[in-house]
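Colleague: pasted the sequence and its predicted model underneath.
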2 protein chains.
Amino acid sequence: MTTRKENSTNNHNEMYWKSNCGLSVTLAMIGGRWKINILTYLLNYPKLRYSELKEKLIGISERVLSAKLKELENDALIEKIEYEGFPPKVEYILTEKGKSLKEILDLMDRWGDQVIEKQDE
Amino acid sequence: MTTRKENSTNNHNEMYWKSNCGLSVTLAMIGGRWKINILTYLLNYPKLRYSELKEKLIGISERVLSAKLKELENDALIEKIEYEGFPPKVEYILTEKGKSLKEILDLMDRWGDQVIEKQDE
DNA sequence: CGGAATCCACAACGATACTG
DNA sequence: CAGTATCGTTGTGGATTCCG
């Protein structure tokens, strides 16, 4: 039985944060090692298959990729499209909600880049 | 010996992310359970003592608070001011770099709030 | 008061093997 | 192809004690 619960958004946001609420919700949805990378790829490509994501996310295990995709799907940031037939084919796309993260991700990206630049001075 | 290395920015960003570089640097600096809360408090208060932070960050252990403050200090987001005399007194303030995160934190906060609102519809 | 040291728990991640 | 199952490893956090 074991009754694991590897999905249901993030494992760590049961009743996780109390204050700074919006902030915490956001970080819970995009935090962790892989999610922003997945989201960023899906911002740059209209759609990606499971195997394409696995290829791009160097070092990710299938176990974790599946888990993260499921979390993102549960949080309605991405959508999964399954095609009938053989061989199986699945594609992932961003939802509108997912796309609305672009502004934040862009800003975080620029901020980080600036930090890197100043390091080298 | 054990040779632990609990500081040195984050444990998990040695050579952690390769692509989406700026993004990853940012998330590495503010990610995790407590850092954004610490930063947010320091955005709202000009300075806070160790004990004041411990009081506000409900549920944090001293071990973790120390670690997170050190990480933030190593990343130059906050600054530690030690006063001589007895009893000991320490205050933490944001650096300019730390303050420059305000835009991102605000944006993340608003995004999260919107998500919460739409949930209730 | 402001931590550091120690010890422990558990959640996240990685590798591999297997399945519809 | 797109996953799941299982296992082992590592990272991260909590509780407690002790020290300058």
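Modeller: Ah, there it is.
Colleague: quick one, strands of chain A?
Modeller: Along chain A, counting by DSSP state E, strands occupy A:48-49, A:78-83, A:89-94.
Colleague: angle of the second one against strand A:89-94?
Modeller: In other words, strand A:78-83. Angle of strand A:78-83 versus strand A:89-94, following axes from the mean of the first three to the mean of the last three Cα atoms, to 10 degrees, is 160 degrees.
Colleague: got the angle between the longest helix along chain A and strand A:89-94?
Modeller: Looking across chain A with DSSP state H, the single longest helix is helix A:102-119. Inter-element angle recorded for helix A:102-119 and strand A:89-94: 80 degrees (by the same axes, to 10 degrees).
Colleague: can helix A:102-119 be said to contact chain B?
Modeller: Yes - counting by Cβ under 8 Å from any Cβ of the partner chain, chain B is contacted by helix A:102-119 at A:103-105, A:107-116. From N, CA and C alone the C-beta is placed, and that goes for glycine too.
Colleague: who are the packing partners of that helix?
Modeller: Applying 3 or more Cβ pairs under 8 Å, 6 or more residues apart in numbering or on different chains; DSSP states H and E, we find helix A:102-119 packed against helix A:21-30, helix A:35-44, helix B:21-30, helix B:102-119.
Colleague: between those helices, which one is closest to DNA strand C.
Modeller: Proximity to DNA strand C (Cβ to the nearest atom of the strand) singles out helix A:35-44 among the helices and strands packed on helix A:102-119, at 8.3 Å.
Colleague: quick one: the longest helix of chain A to helix B:21-30, angle?
Modeller: Using the same axes, to 10 degrees: helix A:102-119 against helix B:21-30 is 90 degrees.
Colleague: reformat the helices and strands packed on helix A:102-119 as TSV; add distance to DNA strand D, mean neighbour count and mean pLDDT.
Modeller: Converted to TSV, the helices and strands packed on helix A:102-119 look like this (distance: least, Cβ to the nearest atom of the strand, whole Å; neighbours: other Cβ atoms under 10 Å in any protein chain shown; pLDDT from 0 to 100):
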stretch	distance to DNA strand D	mean neighbour count	mean pLDDT
helix A:21-30	11	23	88
helix A:35-44	12	20	95
helix B:21-30	9	23	88
helix B:102-119	17	16	93
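Colleague: need those in a markdown table with distance to A:Ile78, can you?
Modeller: Formatted as a markdown table, the helices and strands packed on helix A:102-119 follow (distance: least, Cβ to Cβ, whole Å):
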| stretch | distance to A:Ile78 |
| --- | --- |
| helix A:21-30 | 11 |
| helix A:35-44 | 6 |
| helix B:21-30 | 17 |
| helix B:102-119 | 15 |
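Colleague: for my notes, please list the ones you listed in TSV and give distance to DNA strand C for each entry.
Modeller: Shown next, in TSV, are the helices and strands packed on helix A:102-119 (distance: least, Cβ to the nearest atom of the strand, whole Å):
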stretch	distance to DNA strand C
helix A:21-30	10
helix A:35-44	8
helix B:21-30	11
helix B:102-119	18
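Colleague: any idea which of these gets closest to B:Glu96?
Modeller: B:Glu96 lies closest to helix B:102-119 among the helices and strands packed on helix A:102-119, at 10.9 Å (Cβ to Cβ).
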